[in-house]
Structure formats: C-alpha cells, structure tokens
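In: I'll drop the sequence and a predicted model, then ask my questions.
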Amino acid sequence: MQVSQLLLSATQQLGDISDSPRLDAEVLLAHSLEKTRTWLVTWPDKELSEGETSQFIQLLERRKAGEPIAHITQQREFWSLPLKVSPDTLIPRPDTELMVEQILAHYPANTAITLADLGTGSGAIALALASERSNWNIIATDRSTAALEIARNNAQQLNLDNIEFRQGSWFEPLAGQSFDIIASNPPYIPEQDPHLSQGDVRFEPVSALASGQDGLDDIRHICKHARQHLKHKGMLIIEHGFDQKPGIREIFTINAYENITQVHDLSSNPRLTFGFNP
C-alpha cells in the first residue's frame, strides 16, 4: 500500500478511539518506518513493502486497543525535548509546560537557583529547566526507582548534568536542605474518579494520578512541609486540576504562603498555583 492509503485507512480506524486520529496515524507510521512526519508528507505515493505494512498494522492495533501513543513509541516531546517514557511514568502533558514558563519568567538566567522537583516521573519539568538554566542546581525526586531510571536515562541522552536524582517520597530525600523553588506536578485526581479507567489514563501508574478522596492529599502534604525546605521568599509551585482552584488556594492560605497566584492554561482552565515562603 501507499503511504497516503495507509494513513487514510488508519485515520478512519482511529476515529472513535482518539481525539487526533490523523496525528496518531502519522506518528505511528513515522515511528514504524523510522522516518519523520515530514517525510510522510513529502512521499505520499511511496509504496511500502508487506513487512513495513505489517509492522505498522501491529502498532495500529495496539493504539486501537487504547494503548497511549507515547507508550507505543516510548517517547514523548516536552519543551521540544525528546523524552523516553514508559508505563512506570506519567506521560508529560503540554499543559505542564506552563509551569516551566512561569518559573523561567520569575527567575532570570543570571540568577543562581536551587530547585527541587518532587515526583519527577520522566524528569520532564527538571530536564526542561536544566536545559534552559545550566547554572541552576536541580534535585529531582521520585519514590519510584523505575521512574527515576527513566529520568536519569533522559538526562544522559540530553547531556544535562546539572540535575541530581534521588529516590524517596516527597521530602524524604531532602532532609536538612532548603531551596529557592520547590516545584511539583503531583497526583491530584480523586481515587474514585471514573476517568482513571478511561482512555490513555488507564495505562498510566495510578500512584502518579490519584490522591485520596478529593485528589488533594498529596498537595496538602507538600504545602504543609514545603516551607521547612524553602528559603526566605522561596517559591512553591504546584500543578493541579482545573476544578480545584478554590481548594488549592485554601490549602496555600492555611499554610501561610504569601502572594498566592493562580495561573490559567491555554484553554483558560486553572492549572497552576504558586506562593512564597514568608
């Protein structure tokens, strides 16, 4: 079959599975052929062999079964960085780039900063910041040794050496240390939320997604203990769900953070909250 024929057929088959069936089809075919999506556009009439077609169809069947594109390709782009991902890590979302933008906007390049990224997963936040601020000292933590192995591998592949990876839950690996910034994209989905068993999310680790009855248990813990690890006027910045804005502000207020700010993403949904240690 020709490239264009395969893409058309795959797009139709993924119509009920994906919000972006054409994109999914292109990514899978490009990955299967070890080509770029630009190559697919340039050579739409290219005839593919039976072996090439069969290999692509195998990947297509996995996507039709609901498996995330990022798990099939074992890669996801974040902040223009190619990151390896696995079922042991949360798949980096474009919305999380907003956190990187906010941190970079508040702390100029010539400022020497210490930053802790809690629950780093694939390392997306820490790696993006390290790529932009080579003079920053970054520590990335995660309780999952498998996730940390992925994050370390990503740092090595990107030749980023200003990050230290430590295993442990939240602040456990940071005893006696204080930071200018503590950043986290923690679990924030309620444990009984039906979305946990739907779509791509059902293939991701529940421990990276759900946190208590209202989804805020881990955020409460982080806000309560972060001040012990923040320098004077240090920033705590957390990603959260679009419907959690009032609850998050209350948690920051109860823990006496100053200049609490809540930021909306490109879809105009509340996505980030940050405040400063008095």
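Out: Right, received. Where do you want to start? All figures in this text were calculated on a predicted structure; none of them were measured in a lab.

In: For the closest residue to residue 144 other than its chain neighbours, which three-state class applies?
Out: Computed as Cβ to Cβ, 6 or more residues apart in numbering, the closest residue to residue 144 that is not its neighbour in sequence is residue 88, at 6.1 Å. Bear in mind the C-beta positions are built from the backbone N, C-alpha and C, glycine included. Assigned by DSSP: H, G, I helix; E, B strand; the rest coil, the conformation of residue 88 is coil.

In: From residue 163, how far out is residue 88?
Out: Taking Cβ to Cβ, to the nearest Å as the measure, residue 88 falls 18 Å from residue 163.

In: Of the two, which one has the most company?
Out: Neighbour count, other Cβ atoms under 10 Å: between residue 88 and residue 163, residue 163 has more, with 23 against 19.

In: got a list of what the more buried one touches?
Out: Residue 163 makes contact with 123, 126-127, 130, 138-140, 155, according to Cβ atoms under 8 Å, 6 or more residues apart in numbering.

In: So what pairs up with it in the strands?
Out: residue 138 (DSSP bridges).

In: Read off the pLDDT value for it.
Out: pLDDT, residue 163: 96.

In: Got the phi and psi for the closest residue to residue 4 other than its chain neighbours?
Out: What sits nearest to residue 4 in space, not counting adjacent residues and going by Cβ to Cβ, 6+ apart, is residue 44, at 3.9 Å. Here is the backbone geometry of residue 44 (degrees, to the nearest 10): phi -70, psi -20.

In: wait, doesn't residue 44 sit right on residue 1?
Out: No - with contacts defined as Cβ atoms under 8 Å, residue 44 does not count as touching residue 1, sitting 11.5 Å away.

In: middle-most residue in this structure, spatially?
Out: residue 92 (2.4 Å; Cα atoms, centre = their mean).

In: which ones are touching the closest residue in space to residue 109 that isn't next to it in sequence?
Out: Excluding its sequence neighbours, the residue lying closest to residue 109 (Cβ to Cβ, 6+ apart) is residue 133, at 6.2 Å. Shown in contact with residue 133 (Cβ under 8 Å, 6+ apart): 104, 107, 109, 113, 162.

In: Quick one: neighbours of the third one, just the number.
Out: For residue 109, the neighbour count with other Cβ under 10 Å is 11.

In: now it: how far from residue 230?
Out: Relative to residue 230, residue 109 is positioned 22 Å away (Cβ to Cβ).

In: Need the mean per-residue confidence for the longest strand anywhere in the chain.
Out: Across the chain, the longest stretch assigned as strand under DSSP state E is strand 230-239. Across strand 230-239, the average pLDDT comes to 96.

In: what does stretch 11-23 give?
Out: Here stretch 11-23 scores 90 as its mean pLDDT.

In: Next secondary structure after the longest helix seen in the chain?
Out: Identified as the longest helix of the chain according to DSSP state H is helix 50-64. Next helix or strand after helix 50-64 toward the C-terminus (DSSP states H and E): helix 69-73.

In: Other residues contacting that following helix?
Out: Applying Cβ under 8 Å, 6+ apart, the external contacts of helix 69-73 come out as 24, 27-28, 31, 59, 62-63, 76, 85-87, 91, 203.

In: Can you say which of the residues you listed are buried?
Out: Those of those that meet the buried threshold are 24, 27-28, 31, 59, 63, 76, 85-86, 91, by 16 or more other Cβ atoms under 10 Å.

In: In strands only, show me those residues.
Out: Of the buried ones among the contacts of helix 69-73, the ones assigned to strands by DSSP E are residue 76.

In: okay if I get the buried ones among the contacts of helix 69-73 as TSV plus distance to residue 12?
Out: What follows is those, written out as TSV (distance: Cβ to Cβ, whole Å):
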residue	distance to residue 12
24	12
27	16
28	14
31	20
59	16
63	13
76	25
85	27
86	30
91	25
